[in-house]
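Enquirer: I'll drop the sequence and a predicted model, then ask my questions.
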Amino acid sequence: MSTALPPAGPHGHGSEAVSIAAERRWLYIVVAIIAMLLAMMVFTSLHWASMPPSRVETVDVKTLHIKGEFVETNLGTTVAPDGKVTVRLIAQQYSFVPQCIVVPADMPVTFRGTATDAIHGFIVGKTNVNTMLVPGFVATFTTTFHKTGEQLMPCHEYCGTGHEAMWGRVQVLPAAEFLQKANGAERMSCVSR
Ligand code: CUA
């Protein structure tokens, strides 16, 4: 069985003309698919405010627990004197620290997170919070929660045998209630509740 094409005459022949038309049709389809993908990227980045990767900031995994920003006593939510809200968290096999994060509604919240052992995923319910926590790197982004209530925070990056049991929660409080709680508290979380 041969798949070789018959020799073409000096002006081509019928089957060649057909294949050029088919190629052109496929070319249009490919261009349309690429245009659609680009349009989806633009739409999600504008409409859902999907975030670009944060700048590269490194952290030493080996000393993470002992000193610096990500020691356990420094994890959780803080309100700076200038009113800026920052959440620091760590992902490890197979939990988040803290397991329950408390944030205010309608105020910008900056997250700073990293991982100790494997690549973990960090996503918060029906919000635009979605990043990866990678050992050795600090993931940071700022977002604003508009709806109060509790959101689930599953790890969404396969990180080992316990991956599917890796869950946390985010509690979004009305801004006034949050600030009242924050008053006097150095680091906040909702783990004990
Ligand atoms: Cu951590 Cu999957």
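Expert: Noted; the coordinates are in hand.

Enquirer: now this structure, which segments are flagged as low pLDDT?
Expert: When residues are selected by pLDDT under 70, those of the chain lie in 1-14, 48-55, 192-193.

Enquirer: that one against the ligand: which residues are in contact?
Expert: Counting by CB under 6 Å from any ligand atom, the chain comes close to the ligand at 91, 94, 120-121, 155, 157-159, 163, 166. In this view, the C-beta of every residue, glycine as well, is placed from N, C-alpha and C.

Enquirer: which ones among those lie within strands?
Expert: Among those, the members falling in strands (DSSP state E) are 91, 120-121.

Enquirer: filter the residues of the chain next to the ligand down to the buried ones, PyMOL style.
Expert: Selection of buried members from the residues of the chain next to the ligand for PyMOL, criterion 16 or more other CB atoms under 10 Å:
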select buried, resi 91+94+120+121+155+157+159+163+166
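
Enquirer: closest to V109 out of the residues of the chain next to the ligand?
Expert: The closest of the residues of the chain next to the ligand to V109 turns out to be A91 (CB to CB; 17.5 Å).

Enquirer: give the contact list for the closest residue to the closest one other than its chain neighbours.
Expert: In this structure, A91 finds its nearest non-sequential neighbour in H120, 3.6 Å apart by CB to CB, 6 or more residues apart in numbering. Residues in contact with H120 (CB atoms under 8 Å, 6 or more residues apart in numbering) are 91-92, 132-133, 155, 157, 159, 166.
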